[in-house]
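Visitor: could you look at this predicted model? Sequence included:
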Number of protein chains: 2
Amino acid sequence: MPTSLTKESDVDVLVVGAGPAGLMCAMALARAGVNVRIIDQRPAKVGAGQADGIQPRIVEVFQSYGFADRLFKEAVQVHMAAFYNPGPNGGIVRTGRAPDVTAPTARWAFEMALHQGGIEQIFLDSMASNGVEVERPVTPTAIELSQDESVLKDPKSHPVKVVLHNLGVPEGSLDTEIVHAKFLIGCDGAHSWVRRQFGIVMEGEQTDYIWGVLDLIPDTDFPDIRNRCAVHSHNGSCMIIPREGDLVRLYVQLADKDVLDGKGRVDKSKVGPETIMEVANKSLYPYKMSTSHPIDWWTLYIIGQRVSNKYSVHERVLIAGDACHTHSPKAGQGMNASMNDTHNLAWKLTHVLRGWADISLLKTYEFERRKYAQDLINFDKKFAALFSGKPRTDDSDDGVSHEEAFQTFGLFTSGIGVHYQPSAIVDDRHQSYASKILIGQRIPPHIFIRAADSQPIQLQDLCPSDTRFKVLVFTGDTTNQLQLKSVKTLAEEMQKPEHFYQRFGHGNSSAVFEVLAISSATRWSRTTPMYLPSSDLTGRNDEDMYKRAGGGGYEAFGVDVHGAIVVVRPDGYVGTVAPLGNLEYLDDFLPPSWRRSPNQRFIGLITLRLITVQHRDSPSRYTTIRNACDT
Amino acid sequence: MPTSLTKESDVDVLVVGAGPAGLMCAMALARAGVNVRIIDQRPAKVGAGQADGIQPRIVEVFQSYGFADRLFKEAVQVHMAAFYNPGPNGGIVRTGRAPDVTAPTARWAFEMALHQGGIEQIFLDSMASNGVEVERPVTPTAIELSQDESVLKDPKSHPVKVVLHNLGVPEGSLDTEIVHAKFLIGCDGAHSWVRRQFGIVMEGEQTDYIWGVLDLIPDTDFPDIRNRCAVHSHNGSCMIIPREGDLVRLYVQLADKDVLDGKGRVDKSKVGPETIMEVANKSLYPYKMSTSHPIDWWTLYIIGQRVSNKYSVHERVLIAGDACHTHSPKAGQGMNASMNDTHNLAWKLTHVLRGWADISLLKTYEFERRKYAQDLINFDKKFAALFSGKPRTDDSDDGVSHEEAFQTFGLFTSGIGVHYQPSAIVDDRHQSYASKILIGQRIPPHIFIRAADSQPIQLQDLCPSDTRFKVLVFTGDTTNQLQLKSVKTLAEEMQKPEHFYQRFGHGNSSAVFEVLAISSATRWSRTTPMYLPSSDLTGRNDEDMYKRAGGGGYEAFGVDVHGAIVVVRPDGYVGTVAPLGNLEYLDDFLPPSWRRSPNQRFIGLITLRLITVQHRDSPSRYTTIRNACDT
């Protein structure tokens, strides 16, 4: 290393690696106003190829950050799956078609595909609007985590010391920097440097699957070329995934002997796009595929199915994405899981940094996401067995079918069915008060009608990823005077200083909580002012003016006329449900109650005044409408 | 005028005035690659206030240019209308509520509102992406139109000579320019300079209505403050229109004596925002309205209801928007009509400039849009009578109600019902072949399922404002072998050089026409390759995979199993319908057949090669999929 000056700096969060996991992390933190930096050793973001499948849940997550529209403009939608199996004449025949996604509650019930660079660009654009850019090519060369317990527990400390090396500066210039970070997030991929520095071990099967992946514009007579296909033949198997533009992605599983050299290492000279095309064509027979365009991208994808034994070192160094779990590409889960990791982590980091929660909140990150990764591996194994197993034919009933795999795992692969287990932030004891939404799962989409102006409003859009807890007060039947009285009492109680809403002081609570009221009143009936804090966003359990949308929300959520309170976490997952009057329970559940240290509240308030909180442009935020009685 | 140098230049189209009419014109032309300039005498675009109502048809038009999403982000939606009339106790009571828009086929069945500057910015951003900006402050000072008939008829001539004066350059610099234009479009408002230069007369009633208009953030106990309200009281009338953010617009009609000085001119010193507020409060009694914010904008709006006696001088100088028709603000029609004027005009200018049509095509602009303006005046008179008439109360049944006005004129005010009469570009002789869509009205929204990938596709989105005629081939029941045979025959015929599709030469036709095929086949059934030009965008008359969208299109359009061809004009209006096999009829109807001069085709082809044609990113444009038989 040439002699160089060294600068030193502090940062709240340093993200290492600007793939989908790292970018989701940095974007969400930047948007929350957190002091964050993100570095990547690559000189530029990926151009073509790489991961591309976008599952329904991630589309909802993108929407919660306000940029799902980019996907609808740039990505391709995949609605149908087709299944091919050996036919009587030696070639394949289509044995079935099915919806590509089996997730009835998905807001957008289809898969999307966009090359990884396109997905990354969406994050980069969002980050740029908050003044954060990826620093590249920058690589960490040394890392040290304080072992002093009092330092580790002090939310204001910077216990992580990292040496960064800027590979892009001219020789002789300042190319080294020492960064002191409160938190470091390793999103540096399957070969994670961060993971290895702390000796975190990847566990799981040792077999590495070898996949050939090819993005091309095909000329073909294969009729399902614009559908997602699982082709299972006596001459091998392949998968087809439609891509944006005219592209199509082929996945073929390769045999070791085709790819490895004598020492068990990949010999890329043994396999090229021609080989992948050849294998694909064998399994596609009697259909043919060729291309008259340059190959867009290809790779050999060699991956084991493993999950790391831990995700965190003292909740100060955390790893996410491929750094802690790797999967076969068959179900298109890897990138989605990675982005969901840091979507889960970012709000928790933000709450800890703002002093709203103890550092121990971060333990729920590993608890929730490691279990999911393990489930994913288990799923992948079953799916892989189906995929590589003996095909079912007319002669052989004991084979497996892809149809079964798709249908069985639909909720799982869509991401919609992800279910976080009870913890400090998931409490299902009162599940019965909203029996049809599952505590620990994401809040399902539903359209309610805004009382003030009868506009249909998507509930998920009222629960954006803005770091706030959403307290959905299902007021029940407020045309019943007794019920109305109990709602008014609740509203008065909620304003008292001993309850959660006023803990952060008058005027600050709306930065932490958003309270929304949803009446079971229907069209033309009296809508009642809710008197609840921020309750000008009251909704009705109703159809819109044109009977095109809305209606039936209480029924869909399993809430009865006595109402309930549904708490949605900042990441869109249902944290808990409470009986309408039980504020004490909510006081316990909501921040800053989690194992709060005695001096925590003060820090919270200080931080609170410094951050900018995004308010959605609400046409009904009137000082006085709360008091207007709609007769 | 100081001594100055003078430069001279040529332009294809010069647009005078950068309000909504002028901007729609310049945007559409710029997008089509037309050589266009737009000038405005104001140094900057309007900030607050001005026109704001956005009707359902204009939202569809914005969508056709690809920027309706801006409205959904920036504008407020108005779903409900409320009606107040005199009650028993001297104050007003609500007598009814209704959907704000009565237009069942509207793609978005509600009104929107956004201040005029916000609407203009959408156009400016779109234009900027095509490299066109408004030149300001620039004013025309002299204009001359050639009287030489051969010059006027020569599509390549520049018969309009305009002197422009740049008000923004420092004294002594070059501030005058002589521009020779092929066409000049006067969009310079109610006091149009262009109109006056050519002695075009405004016809209509001479009474000028005086309106007070006020944009404010209200503090009020009025319960319908976020709905559109017509308030009719014994103490005057007022209208309330919700606006973006927390704003609300009030309209009150003022008496002459309150506003005019002794000479019949407006005396703005006699009326201020306080007066408007006072009048509004009188009519709102017993409700109260005040504001604790600065007034956003206010004006006195003095307008007669007139339409100019012609819209065009030799089809070389044309006027649009307020320059040729003015309306009372009551139904929120003015700006919408203005934008629809130039939406109607722009594609015609483009086709003429490209040599695809004779200049006489431009006659249809006045024919179609002047009639609409007259209808609007007639509507306005009836509406005004209702609005200013004696209110209907419990005691008096012979008064009028606003409810009646809203319900009666819903289709008209929404813009959805606009119906162009037969002309060179509207031919309804074969209406019965698609009995439920009206020739001369805009193509209604409907979702079809794309055959290649089962994606639900909105038909209106397949008919963007890209200057192309859309030839929708409803193939009928292609599972019937006889029907399939006739579709194949049609496809072969259409490729022959004597028919419209090949008139522009191989490879060019897709710039003029888009041929789409829609089969009546349904889910899981065999979808048939259509063999039609550009027909890889085949659709099915089907529901999507999740039964969430689509289905019933043949029935909704009144097309039977024998099929039909529906021709949609570049502006989204149904030009004609033809029996499936009748290519000769289409050859007659479609360009460049309209009174084409003998040497026209050559010009057409030359122009064609120079323009860039936008192709939507279609995931199913495969060279070979046309030949793939989906079995």
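Guide: Yes, it's here.
Visitor: ranges for the strands of the stretch 201-350 of chain A?
Guide: Assigned strands in the stretch 201-350 of chain A, in chain order: A:202-204, A:209-216, A:219-220, A:228-233, A:236-242, A:248-253, A:289-290, A:297-303, A:306-308, A:312-313, A:317-319, A:325-326 (criterion: DSSP state E, counting those that start in this stretch).
Visitor: right, and those strands - which one's nearest B:Val426?
Guide: Among those, strand A:236-242 comes nearest to B:Val426, with 39.4 Å by Cβ to Cβ. Every C-beta, even on glycine, is put in place using the N, C-alpha and C of the backbone.
Visitor: near chain B at all, the closest one?
Guide: Yes - against chain B, strand A:236-242 shows contacts by Cβ under 8 Å from any Cβ of the partner chain at A:Pro242.
Visitor: export the strands of the stretch 201-350 of chain A as JSON lines, with columns for mean pLDDT and mean neighbour count.
Guide: JSON lines is the format used below for these (pLDDT from 0 to 100; neighbours: other Cβ atoms under 10 Å in any protein chain shown):
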{"stretch": "strand A:202-204", "mean pLDDT": "90", "mean neighbour count": "16"}
{"stretch": "strand A:209-216", "mean pLDDT": "86", "mean neighbour count": "22"}
{"stretch": "strand A:219-220", "mean pLDDT": "86", "mean neighbour count": "19"}
{"stretch": "strand A:228-233", "mean pLDDT": "90", "mean neighbour count": "25"}
{"stretch": "strand A:236-242", "mean pLDDT": "89", "mean neighbour count": "24"}
{"stretch": "strand A:248-253", "mean pLDDT": "90", "mean neighbour count": "24"}
{"stretch": "strand A:289-290", "mean pLDDT": "92", "mean neighbour count": "16"}
{"stretch": "strand A:297-303", "mean pLDDT": "83", "mean neighbour count": "18"}
{"stretch": "strand A:306-308", "mean pLDDT": "93", "mean neighbour count": "21"}
{"stretch": "strand A:312-313", "mean pLDDT": "97", "mean neighbour count": "22"}
{"stretch": "strand A:317-319", "mean pLDDT": "98", "mean neighbour count": "27"}
{"stretch": "strand A:325-326", "mean pLDDT": "90", "mean neighbour count": "26"}
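Visitor: got the contact list for the spatially most distant residue from the centre of chain A?
Guide: What lies farthest from the middle of chain A is A:Asn89; by Cα atoms, centre = their mean that is 44.7 Å. A:Asn89 is in contact with A:Pro286, counting by Cβ atoms under 8 Å, 6 or more residues apart in numbering or on different chains.
Visitor: mind listing what the helix or strand harbouring A:Arg37 pairs with, with the direction of each?
Guide: Per DSSP states H and E, A:Arg37 falls inside strand A:36-39. In the sheet, strand A:36-39 lines up against strand A:6-16 (parallel), strand A:134-135 (parallel) (DSSP bridges).
Visitor: buried sites along the first one?
Guide: The neighbour-count check on strand A:6-16 (16 or more other Cβ atoms under 10 Å in any protein chain shown) flags A:Val11, A:Asp12, A:Val13, A:Leu14, A:Val15, A:Val16 as buried.
Visitor: all strands of the stretch 51-200 of chain A, in order?
Guide: Going by DSSP E, counting those that start in this stretch, the stretch 51-200 of chain A shows strands at A:53-54, A:76-78, A:80-86, A:92-99, A:111-113, A:134-135, A:138-145, A:160-166, A:176-186.
Visitor: mean pLDDT for the ones you listed - can I get that in JSON lines?
Guide: Shown next, in JSON lines, are these (pLDDT from 0 to 100):
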{"stretch": "strand A:53-54", "mean pLDDT": "88"}
{"stretch": "strand A:76-78", "mean pLDDT": "91"}
{"stretch": "strand A:80-86", "mean pLDDT": "90"}
{"stretch": "strand A:92-99", "mean pLDDT": "88"}
{"stretch": "strand A:111-113", "mean pLDDT": "92"}
{"stretch": "strand A:134-135", "mean pLDDT": "97"}
{"stretch": "strand A:138-145", "mean pLDDT": "97"}
{"stretch": "strand A:160-166", "mean pLDDT": "96"}
{"stretch": "strand A:176-186", "mean pLDDT": "97"}
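Visitor: got a markdown table for the ones you listed, with distance to B:Gly572 and mean neighbour count too?
Guide: Formatted as a markdown table, the strands of the stretch 51-200 of chain A follow (distance: least, Cβ to Cβ, whole Å; neighbours: other Cβ atoms under 10 Å in any protein chain shown):
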| stretch | distance to B:Gly572 | mean neighbour count |
| --- | --- | --- |
| strand A:53-54 | 31 | 25 |
| strand A:76-78 | 24 | 25 |
| strand A:80-86 | 29 | 24 |
| strand A:92-99 | 32 | 18 |
| strand A:111-113 | 28 | 26 |
| strand A:134-135 | 43 | 20 |
| strand A:138-145 | 51 | 17 |
| strand A:160-166 | 54 | 19 |
| strand A:176-186 | 50 | 23 |
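Visitor: among those strands, which is nearest A:Asp215?
Guide: The minimum distance between A:Asp215 and the strands of the stretch 51-200 of chain A falls on strand A:111-113, with 10.3 Å, by Cβ to Cβ.
Visitor: so the closest one, near chain B or not?
Guide: No - applying Cβ under 8 Å from any Cβ, one finds strand A:111-113 out of contact with chain B, separated by at least 9.8 Å.
Visitor: who does that strand pair with, and is each partner parallel or antiparallel?
Guide: Paired neighbours of strand A:111-113 in the sheet (DSSP bridges): strand A:53-54 (antiparallel), strand A:76-78 (antiparallel).
Visitor: and the ones you listed: which comes nearest A:Pro497?
Guide: Evaluated over those, closeness to A:Pro497 peaks at strand A:53-54, with 45.2 Å, by Cβ to Cβ.
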